[in-house]
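Chemist: Could you look at this predicted model? Sequence included:
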2 protein chains.
Amino acid sequence: MTNIAEAQLIALDWGTTSARAYLMGCDGSIMAERSASLGIMHVAAKAKEQSLALDVAFAQALTELCGEWMENYPLVPVVACGMIGSQQGWVEATYRTVPADLAASEFELVSVEIAPGRRMHIIPGVLDLKKLPDVMRGEETQILGAVELSDNNFDSELEQLFLLPGTHSKWAKVQGRTITEFSTSMTGETFALLSTQSILSNLIEPTVSVCWNAFECGVQVSHSSDGAADLMLTAFSARTLVLTGRLQQTEVSDYLSGLMIGAEIRSVIGAWDGTVLPPLTICGNKELSTRYKRALKIFGITEVRELQGTAPRGVWAVACALGLLQTSTV
Amino acid sequence: MTNIAEAQLIALDWGTTSARAYLMGCDGSIMAERSASLGIMHVAAKAKEQSLALDVAFAQALTELCGEWMENYPLVPVVACGMIGSQQGWVEATYRTVPADLAASEFELVSVEIAPGRRMHIIPGVLDLKKLPDVMRGEETQILGAVELSDNNFDSELEQLFLLPGTHSKWAKVQGRTITEFSTSMTGETFALLSTQSILSNLIEPTVSVCWNAFECGVQVSHSSDGAADLMLTAFSARTLVLTGRLQQTEVSDYLSGLMIGAEIRSVIGAWDGTVLPPLTICGNKELSTRYKRALKIFGITEVRELQGTAPRGVWAVACALGLLQTSTV
């Protein structure tokens, strides 16, 4: 079986709500891919419900996700990133602090026994101990994957900016493979709350497609002098523009989305304070990437690279750097 | 019965969640006061539940709240302010636009029949048709009441600033009795959502008393250069400061409260852009007023007047201006 000889790594991106597994070949290519709603939150809920020990529940979830691969490839290393390494996860992987060389070879990963004689290694998150500290778990591995995919002429001096939009958007400054600083914006979570639970939610009429005009109108507001005020003040306009007949109810959701993504971008760019922004890469799903790309254009940032699914590539890079990959002599 | 001779007005502050009624004497003094959870939201829910017409449900609510006064004082006018005059209320009172002279004598109130031959007059809200429009209903009457209580030497040229903190905080600039412009901050509602439904809520351990240190620490952050970023970015620190052992879980709620009130104040003061702030009055409940007063101090604003329960005084002023009050010859 050539497949057995080829498989080199089981890479996991194990987050709060979902878990993704990748079976990777000797060149870092993805041979197979699985995902399930087996994030640590769901596993913890199931453990509680069934009175299971948490580590038993995590072991069951892992088997459910990729037990077949583990059986077929008993010698292939298993390496995970994400919230699985948090206090609420399987075993805690203490944060590395910035500046954090993501592919440092001397770094030791924490590991947990997943089967007799077999361990899963967990990549730690990163902590930025600035005045208002910041943390990430999983995103650092996506960023590393994105750096690896950047180009073939790797430049250890090259400064880049990475944006990972989502529930908690991350903006990270990276030099070579080293994260030097980063910030989190609770944009996705706040949008979900305001658009489903606040006074604005009553006004929202769902649509089948994105109202780009409304979205860009929201971004424009955050880009304008009105956007100097906090979102708590500008967001009320999603209501008053409807009351005054200037916005349709079908446009409210995208207007609010534009307002919020615009406020996030304004904050991050404002912190740069006139200096030239390093080249920017967005790592995220296509729809969110498109929103941010359109919004960034309004802020004058037109050169943006987009990448999807960089996590397995990052796990691969860590496994390589730490010598976890078997020489292909099976 | 001297009381019958004295009663001059039944004033109502009828909002979204609660309704308050005041029986007022000939000098504008409050003879009696009632309040109940009979806000328009609750009345609408009851109407739906019991398959009642909405106007029947409102009439029942009014009777429940102050039917006894209405019976005892059949000639006394009934005047209301607040969301009862909204599209979702009993009858819609079209907004007046800024600049709005709150006690203009030529203004006609909308009214609704509350008993055979008897009508309730409703004070309209105010609309600010700026680029991001703004609306208020009820607050304009509280502001008028506050102006009336300001001092005995009423100055029609005096510019004042009024803050009405709450679910949707209002900041209004007033000249004499005329509202010239205003803004809304969704601070209270956003705080409720973030502190009960977001990732931050898991960290919050309730306390019996306010942690003023944590509160002021939050305000300081919003006042500092870090506060230039939107709340969506700074709010994540309520989590990371706990993770890094710099904040206790019992302090998270007040830290977040300080952060948010600070962000609101920063936005409003920022819009003033260096010009001297007019004298400021806070109209709101004691606890909220105290929070804002402490936060304003950190922003260098130390002279703040506090007033509570100004709505009936505002209704009284409107009733006077429009000649609704009977000459006391009963």
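Modeler: Everything's here; your move. Residues are numbered from 1 along each chain as shown, chains lettered A, B, ... in the order given.
Chemist: tell me the contacts of the most centrally placed residue in chain A?
Modeler: Residue closest to the mean C-alpha point of chain A, counted by CA atoms, centre = their mean, is residue A:139 at 4.5 Å. Residues near residue A:139 by CB atoms under 8 Å, 6 or more residues apart in numbering or on different chains: A:164, A:170, A:172. In short, each C-beta sits where N, CA and C put it, glycine included.
Chemist: Try it again at 6 Å.
Modeler: A:164, A:170 (CB atoms under 6 Å, 6 or more residues apart in numbering or on different chains).
Chemist: repeat for the one 3 residues further on
Modeler: Under the criterion of CB under 6 Å, 6+ apart, the contact list for residue A:142 reads A:283, A:310-311, A:314.
Chemist: repeat that for 8 Å
Modeler: Neighbours of residue A:142 in contact, by CB under 8 Å, 6+ apart: A:13, A:164, A:283, A:310-311, A:314.
Chemist: so what's the backbone phi/psi at it?
Modeler: For residue A:142, the backbone dihedrals (degrees, to the nearest 10) come out as phi -60, psi -40.
Chemist: Make CSV out of the contacts of residue A:142 and add distance to chain B, pLDDT and secondary structure.
Modeler: Below are the contacts of residue A:142 laid out as CSV (distance: CB to the nearest CB, whole Å; pLDDT from 0 to 100; DSSP: H, G, I helix; E, B strand; the rest coil):
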residue, distance to chain B, pLDDT, secondary structure
A:13, 19, 97, strand
A:164, 14, 97, strand
A:283, 19, 96, strand
A:310, 23, 95, coil
A:311, 21, 96, helix
A:314, 22, 96, helix
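Chemist: Now, of the residues you listed, which are buried?
Modeler: Among those, those classed as buried by 16 or more other CB atoms under 10 Å in any protein chain shown are A:13, A:164, A:283, A:310-311, A:314.
Chemist: Among these, which one sits closest to residue A:104?
Modeler: residue A:314 (13.3 Å; CB to CB).
Chemist: Run the contact check for stretch A:295-305 versus chain B.
Modeler: No - residues of stretch A:295-305 contacting chain B under CB under 8 Å from any CB of the partner chain: none, with a closest distance of 13.7 Å.
Chemist: domains in chain A, as residue ranges please.
Modeler: A:2-156+A:310-321, A:187-307 (automatic domain parsing).
Chemist: Mind checking those for the one nearest to residue B:197?
Modeler: domain A:187-307 (5.8 Å).
Chemist: now the end-to-end length of that closest one.
Modeler: 20 Å (CA to CA, to the nearest Å).
Chemist: Pull the distance from that domain to the chain's centre.
Modeler: How far domain A:187-307 lies from its chain's middle: 19 Å, per CA atoms, centre = their mean, to the nearest Å.
Chemist: Can you tell me which residues in the stretch 101-250 of chain A are near chain B?
Modeler: Checking the stretch 101-250 of chain A against chain B by CB under 8 Å from any CB, the hits are A:127, A:129, A:131-135, A:168, A:183-187, A:189-190, A:193-194, A:197-199, A:221, A:226, A:228-237, A:239-241, A:243-244, A:246.
Chemist: I'd like to know which of these are part of strands.
Modeler: A:127, A:134-135, A:183-185 (DSSP state E).
Chemist: For the stretch 101-250 of chain A, just list every one of the helices.
Modeler: Using DSSP state H, counting those that start in this stretch, the helices of the stretch 101-250 of chain A run over A:139-150, A:187-197, A:212-223, A:231-234, A:237-243.
Chemist: Return the most buried member of those helices.
Modeler: helix A:231-234 (a mean of 27; mean count of other CB atoms under 10 Å in any protein chain shown).
Chemist: pLDDT (mean, whole number) over that one?
Modeler: Here helix A:231-234 scores 98 as its mean pLDDT.
Chemist: helices or strands next to that helix in the packing?
Modeler: Secondary-structure packing of helix A:231-234 (3 or more CB pairs under 8 Å, 6 or more residues apart in numbering or on different chains; DSSP states H and E): helix A:212-223, helix A:252-272, strand B:178-185, helix B:231-234, helix B:252-272.
Chemist: Throw the ones you listed into TSV and include distance to residue A:66, thanks.
Modeler: Below are those laid out as TSV (distance: least, CB to CB, whole Å):
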stretch	distance to residue A:66
helix A:212-223	38
helix A:252-272	35
strand B:178-185	48
helix B:231-234	35
helix B:252-272	37
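Chemist: for these, which one sits closest to residue B:9?
Modeler: Going by CB to CB, the one of the helices and strands packed on helix A:231-234 nearest residue B:9 is strand B:178-185, 22.5 Å.
Chemist: Buried deepest among the helices and strands packed on helix A:231-234, which one?
Modeler: Ranked by mean neighbour count, those are led by helix B:231-234 with a mean of 27 (mean count of other CB under 10 Å).
Chemist: and residue A:304, how many neighbours does it have?
Modeler: 17 (other CB atoms under 10 Å in any protein chain shown).
Chemist: so where's chain A uncertain?
Modeler: A:1-5, A:151-153, A:327-330 (pLDDT under 70).
Chemist: how does it look with 80?
Modeler: Counting by pLDDT under 80, chain A shows low-confidence ranges at A:1-5, A:150-154, A:272-274, A:326-330.
Chemist: Of the helices and strands packed on helix A:231-234, give the one that comes closest to residue B:291.
Modeler: That would be helix B:252-272 among the helices and strands packed on helix A:231-234, by CB to CB, at 5.9 Å.
Chemist: So which other helices or strands are in contact with that closest one?
Modeler: Packed next to helix B:252-272, using 3+ CB pairs under 8 Å, 6+ apart, are helix A:231-234, strand B:178-185, helix B:187-197, helix B:212-223, helix B:231-234, helix B:237-243, helix B:286-298.
Chemist: Report the inter-axis angle for that helix versus strand B:178-185.
Modeler: Using axes from the mean of the first three to the mean of the last three CA atoms, to 10 degrees, the direction of helix B:252-272 lies 140 degrees away from that of strand B:178-185.
Chemist: what's the angle between helix B:252-272 and helix B:286-298?
Modeler: Using the same axes, to 10 degrees: helix B:252-272 against helix B:286-298 is 60 degrees.
Chemist: ok, back up a step: I'd like the contacts of residue A:142 laid out as TSV, including distance to residue B:212.
Modeler: Formatted as TSV, the contacts of residue A:142 follow (distance: CB to CB, whole Å):
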residue	distance to residue B:212
A:13	43
A:164	37
A:283	42
A:310	45
A:311	44
A:314	44
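Chemist: Leaving out sequence neighbours, find the closest residue to the residue lying farthest from the centre of chain A.
Modeler: Relative to the C-alpha centroid of chain A, counting by CA atoms, centre = their mean, residue A:244 is the outermost residue, at 38.4 Å. Closest residue to residue A:244 apart from its sequence neighbours, by CB to CB, 6 or more residues apart in numbering or on different chains: residue B:133 at 4.9 Å.
Chemist: The one you found: what's it in contact with?
Modeler: Residues near residue B:133 by CB under 8 Å, 6+ apart: A:237, A:240-241, A:243-244, A:246, B:127.
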